[in-house]
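Enquirer: give the three-dimensional model of this entry:
(one chain, ligands or ions: 1)
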Amino acid sequence: MKKVIAIDGPSGAGKSTVARLLAEELGFQYLDTGALYRAVALNLVRMGLKEEASDEEISAGLKKTKVEFENGRVLLQGEDVSEEIRSPLAGHYASVFSARGPVRTYLLKTQRDAAVKADLVAEGRDMTTVVFPEAFKKFFLDASPEERARRRTDELMVKGFAVEQDRILKEIAERDARDSGRQLAPLRRADDAYYIDSTGLAKEEVFRRLLEFVKDAGEKSRLKYKQL
Ligand code: DC
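Expert: Next up is the predicted model:
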């Protein structure tokens, strides 16, 4: 089993930017678990499933779903969906379908398998609590809803989506409520996760703090997994 650095936090807290930087610095692989949830949800929607689909319908859909990472791209049924999964609508469906048991069970194995092959910086909502509870290092990255909405708006505009900050702020509040309020693997701060509030901090500073914490601790723990 390889080494895992686990990062959780709400939407728009800046997890992917610093996780990417950290992975590059340490020579670890970057695991973007939100992308997995986004791609799976996109496939379920493409198959015609509604938000209120039954667990049986979802399980049947998952049997026909194949998501892979290849050279930093996300492939769904072999098709590159890296851009499409970034839309606000894909984010909405990812949040909705990620609350469902069959989806979480399906992706749990994919995520843990990744840690068999390579050292990882894994980011998402339940990296520190469920998927890699005994990770080498754990972080909870946070920021105020207003700052997260500002960052998300900028990010989406760069990608060519027409978005308004007020609307994004509202969507962020809905997403926080759904991701933290669900029964299965809700977003929460693990007791042993190092908390960083990145409001008002440049990404370089957040990265510096993470790296300092990682290096300071030395190589202590190996991974053991708990069941979901
Ligand atoms: O990080 P993101 O915005 O790409 O994630 C999209 C959605 O996927 C998020 O709202 C909740 C879900 N998700 C999850 O439930 N567990 C994870 N480990 C990662 C994402």
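Enquirer: does residue 5 count as helix, strand or coil?
Expert: strand (DSSP: H, G, I helix; E, B strand; the rest coil).
Enquirer: burial check on residue 197, number of neighbours?
Expert: 15 (other CB atoms under 10 Å). Where you see a C-beta, it was placed from the backbone N, CA and C, and this is true even at glycine.
Enquirer: list the contacts of the residue nearest to it when sequence neighbours are not counted.
Expert: Once flanking residues are discounted, residue 197 sits nearest to residue 142: 5.0 Å by CB to CB, 6 or more residues apart in numbering. Neighbour list for residue 142: 9-10, 13, 195-199 [criterion: CB atoms under 8 Å, 6 or more residues apart in numbering].
Enquirer: show me what contacts the residue minimising distance to the centre of the chain?
Expert: Central residue of the chain (CA atoms, centre = their mean): residue 124, 2.6 Å from the mean position. Listed by CB under 8 Å, 6+ apart, the contact set of residue 124 reads 7-8, 15, 32-34, 37, 131.
Enquirer: any bit of the helix or strand in which residue 92 is found sitting next to the ligand?
Expert: Assigning secondary structure by DSSP states H and E places residue 92 in helix 88-97. Yes: on the criterion CB under 6 Å from any ligand atom, helix 88-97 is in touch with the ligand at 91, 94-95.
Enquirer: get me the contact residues on this protein for the ligand.
Expert: 11, 33-34, 37-38, 91, 94-95, 98, 124-126, 175, 179.
Enquirer: what's the farthest-apart pair in those?
Expert: Distances among those were taken as CB to CB; the most separated pair is 91 and 126, at 16.9 Å.
Enquirer: so for those two, which residue has more residues nearby?
Expert: Neighbour count, other CB under 10 Å: between residue 91 and residue 126, residue 126 has more, with 24 against 21.
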